[in-house]
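Have a look; sequence and predicted model below, questions after that.
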Amino acid sequence: MLVVVVSRLLLTDLLGKRVRIKRNLRLHNYEYEGELASYNLASSHPCRYFHLVNTEEFVHGQLAGFLGEVVVSLDLVFCIRAATDA
């Protein structure tokens, strides 16, 4: 059984800042970078998610395109971290 541990303090600190989310897909390396607008991690809620705005998609480390507003299901998230400027 996979247990997801997400610190609400970390997420509260990241609200309004640029974050990078790596998706949990075995064959593909997808990442999204955007401003964390909101999140819902309530275990009683059927849809737990991260809401990003001004989002860019990266595939295998290369910019694939600009997506704008994105909602990512928590089930698809491998990790979330603050974005670093390259």
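All right, it came through fine.

Apart from its chain neighbours, what residue comes closest to residue 72?
Nearest in space to residue 72, with sequence neighbours left out and distances taken as C-beta to C-beta, 6 or more residues apart in numbering, is residue 50 at 4.9 Å. Placement of C-beta: from N, CA and C, glycine included.

ok, the residue sitting nearest the centre point of the chain - contacts?
The centre of the chain sits closest to residue 21, judged by C-alpha atoms, centre = their mean, with a distance of 3.4 Å. Residue 21 is in contact with 31, 32, 33, 50, 52, 72, 77, 79, 80, counting by C-beta atoms under 8 Å, 6 or more residues apart in numbering.

Now do the same for the fourth one: its pLDDT.
Note on residue 50: pLDDT of 86.

Run through the bridge partners of it.
Going by DSSP bridges, residue 50 is paired in beta bridges with residue 39, residue 72.

now swap in the second one and tell me
Using DSSP bridges, the bridge partners assigned to residue 32 are residue 21, residue 57.

Let me know how buried it is, in neighbour terms.
A count of nearby residues for residue 32, using other C-beta atoms under 10 Å, gives 21.

ok, now which ones touch residue 41?
6, 8, 11, 48, 74.

Of those, keep whichever come out buried.
With neighbours counted by 16 or more other C-beta atoms under 10 Å, the contacts of residue 41 contain buried members at 11, 48, 74.

how about those in CSV, adding distance to residue 63 and secondary structure?
As requested, those are exported to CSV (distance: C-beta to C-beta, whole Å; DSSP: H, G, I helix; E, B strand; the rest coil):
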residue, distance to residue 63, secondary structure
11, 25, helix
48, 28, coil
74, 25, helix
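
and the worst-scoring helix or strand of the chain on mean pLDDT, how far out from the chain's middle?
Least confident helix or strand of the chain, by mean pLDDT, DSSP states H and E, is helix 8-14 with a mean of 78. Distance of helix 8-14 from the chain centroid (C-alpha atoms, centre = their mean, to the nearest Å) equals 13 Å.

Would you mind measuring from residue 80 to residue 10?
Distance, residue 80 to residue 10, by C-beta to C-beta, to the nearest Å: 8 Å.
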